[in-house]
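Engineer: what would the 3D arrangement of this be:
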Amino acid sequence: MKIIKAGINDKDLVLPLLDQFRTEVNKVNGLDKVSSTAIELGAKIYQDVVNNSNSAIFLALDDDGKGVGVITVNKNPVLRKGEFKAEIEELFIRPDCQGKGTGTALVSAVEKWSKENNISYIELISGNELVCAHKFYNKLGFIEYGKGFKKVITD
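Structural biologist: Below you'll find the predicted structure:
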C-alpha cells in the first residue's frame, strides 16, 4: 500500500471511492441506494480542491495502483484562538481493505500535512450511526466533544 497526495490526474480514483463511501453509509442506514453524487457533482469542483493550498486529498493505493481509501481535509482559521484547524471532511476505506492499517496511514498523512501547514488540531464530524468509525477515531486519539449541526442553503 502507498499513500499519495491526490492530484488532478487522480480524479477517476478519488470520486468513485467517495461514492462508495456514501453507498456504504446508506447501507448502515438501511437504505439500498447506490450513490453517484461525487462523480456527477464533485467532478465539477475536483480541480479547485486539488489546486487549493488549504485543501488536500490523500489516496491509498494497493500494489496494483487501485484506490483502496481516501481522506479529504481542509485548513480553516479559528480567529478567536488565533490559529488554524484541519477539518477532515471524508475518510473511507473499502470494506475489503479495512483493518489493514490503511485508515491509520491516511490519518497520519493528514497529521503530517497539518504540521507542515501550521495547524493546531484536527477535527471531524461523523454520523451517529457510524459506531465502528467512532471506535477507530478514539483509537487514534480523537476525543468526542460537542454536537454537529447543519443548515442547507436554498434559493
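
Engineer: from now on I want contacts and neighbour counts done on CA atoms only, so please keep to that.
Structural biologist: Fine.

Engineer: buried sites along stretch 42-50?
Structural biologist: For stretch 42-50, the neighbour count (16 or more other C-alpha atoms under 10 Å) marks G42, Y46, V49, V50 as buried.

Engineer: return the residues in contact with the last one.
Structural biologist: Under the criterion of C-alpha atoms under 8 Å, 6 or more residues apart in numbering, the contact list for V50 reads A6, G7, I8, A56, I57.

Engineer: per-residue pLDDT, the last one?
Structural biologist: At I57, the pLDDT value in this model is 98.

Engineer: same question, the first one
Structural biologist: Predicted confidence (pLDDT) for A6: 97.

Engineer: tell me the buried residues within the contacts of V50.
Structural biologist: Buried by 16+ other C-alpha under 10 Å: A6, G7, A56, I57, out of the contacts of V50.

Engineer: ok, so of these, who is nearest N128?
Structural biologist: Distance to N128 across these (C-alpha to C-alpha) is lowest for I57, with 23.9 Å.

Engineer: surely that closest one forms part of a strand?
Structural biologist: Yes - counting by DSSP: H, G, I helix; E, B strand; the rest coil, I57 is located in a strand.
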